[in-house]
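J.: Quick check, what structure comes out for this input:
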Amino acid sequence: TGSSSSISGSQISLDESRDSSTISPSPISQNKRENSLDTKHNDSTQLTPKELKKLEGREDELMKRLAKKDNEFQKILEKKDNEWKNKLIEKEKEWKKILDKQEKEKLKLEEERERAENARRTIELALRDAE
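T.: As a prediction, this is how the structure comes out:
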């Protein structure tokens, strides 16, 4: 997981190239299906087509279950990602309000300082004139 100092306006995606709606068999399992040497038991007896079909069916079932779990996990991640983004947006709004308030206070203090300096100058001029 990486972090960025400027995230607002950008879409965060863990894996943009992944399409969870399509699951293809792994290249390894495809190679095993195509390679007749891999259809042998440990004792060098050949798997029957029925056994092979049963194993392939089991693999397909497991792949579907894995795809379903992956899809559920992606939905959870998207939900958490959206929650995080919303919290970030809310914090940015809060910080902006605080900064705006501080800026207004700063302007008021600067105006007050300027008035005080003008009053001091006026008093100094009045004292000089009185001498």
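
J.: Contact partners for Leu107?
T.: If you count contacts by CB atoms under 8 Å, 6 or more residues apart in numbering, Leu107 has none. C-beta: built from backbone N, CA, C; applies to glycine.

J.: Check the gap between it and Ala130 for me.
T.: 35 Å (CB to CB, to the nearest Å).

J.: Check the average confidence over the helix or strand that Leu109 is a member of, would you?
T.: Assigned by DSSP states H and E, Leu109 falls within helix 49-130. What helix 49-130 shows for mean pLDDT is 96.

J.: What's the separation between Lys87 and Leu77?
T.: 16 Å.

J.: Name the residue in those two with the higher neighbour count.
T.: Leu77 (14 against 10; other CB atoms under 10 Å).

J.: Go through stretch 51-60 and flag the buried ones.
T.: If you call a residue buried by 16 or more other CB atoms under 10 Å, then stretch 51-60 has these buried ones: Leu52.

J.: As CSV, could you dump the C-alpha coordinates of it?
T.: Output of stretch 51-60 as CSV, limited to C-alpha atoms (Å, rounded to 0.1, in the frame of the first residue of the first chain):
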residue,chain,number,x,y,z
GLU,A,51,-11.4,-39.5,-13.1
LEU,A,52,-9.9,-36.7,-15.2
LYS,A,53,-13.3,-35.2,-15.9
LYS,A,54,-14.2,-35.4,-12.2
LEU,A,55,-10.9,-33.6,-11.2
GLU,A,56,-11.5,-31.0,-13.9
GLY,A,57,-15.1,-30.5,-12.6
ARG,A,58,-13.7,-30.1,-9.1
GLU,A,59,-11.2,-27.6,-10.3
ASP,A,60,-13.9,-25.6,-12.1
